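In: 3D model of this:
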Amino acid sequence: QEEELGPTDATTVSTVQKLASTWQQLGKMEEAQALYRRVYISYLRMFNQSHPQTLEALDDLAHVSKASNAIDEAETLYKKSLEIKTRVFGAEHPNTADAMHNLAVIDDIRCRYEDAKVKYQKALDIMAASIGKAHPLYITTLENLA
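Out: Here you go, the predicted model:
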């Protein structure tokens, strides 16, 4: 597909993203991370940093970085995601709450428990008002706070 359509074709990039997800599910984090980075850069060039596909690729790269124990990189990427989502969706949007939740997880990993607690609580407040307390993301965030 890449030979036929080229490495920057939207279909090719989408296929690479699916391959990265497969590598991640198989526990091949280095391979997944390299492919997610490629996807993120491609979407940045094709669209902009605020485009939904670019944001998804940014979050995918952050998640696999965290799973690879590249916590510094994950934190940087999650902060970037929160900044963009706050600007694009607003401070009270569920996507922003999800980004805040991801940063709270990093705070937990780094033993910054008070910072994590504040972020989890803010994320919960946003989620309760926007998606409700029965939503799986709300429940996961509540469990992480506990």
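
In: On the three-state scheme, residue 111 is what?
Out: Recorded secondary structure, residue 111: coil (DSSP: H, G, I helix; E, B strand; the rest coil).

In: What's the local residue count around it?
Out: For residue 111, the neighbour count with other C-beta atoms under 10 Å is 8. Quick note: C-beta positions are derived from backbone N, CA and C, even for glycine.

In: With residue 52 instead?
Out: The tally of other residues near residue 52 (other C-beta under 10 Å) stands at 11.

In: pLDDT score for the most centrally placed residue in the chain?
Out: Compute the mean C-alpha point of the chain, and by C-alpha atoms, centre = their mean the closest residue is residue 59, 2.1 Å away. pLDDT, residue 59: 98.

In: Likewise for residue 96?
Out: Per-residue pLDDT puts residue 96 at 97.

In: May I have the residues that are in contact with it?
Out: 82, 85-86, 89-90, 126 (C-beta atoms under 8 Å, 6 or more residues apart in numbering).
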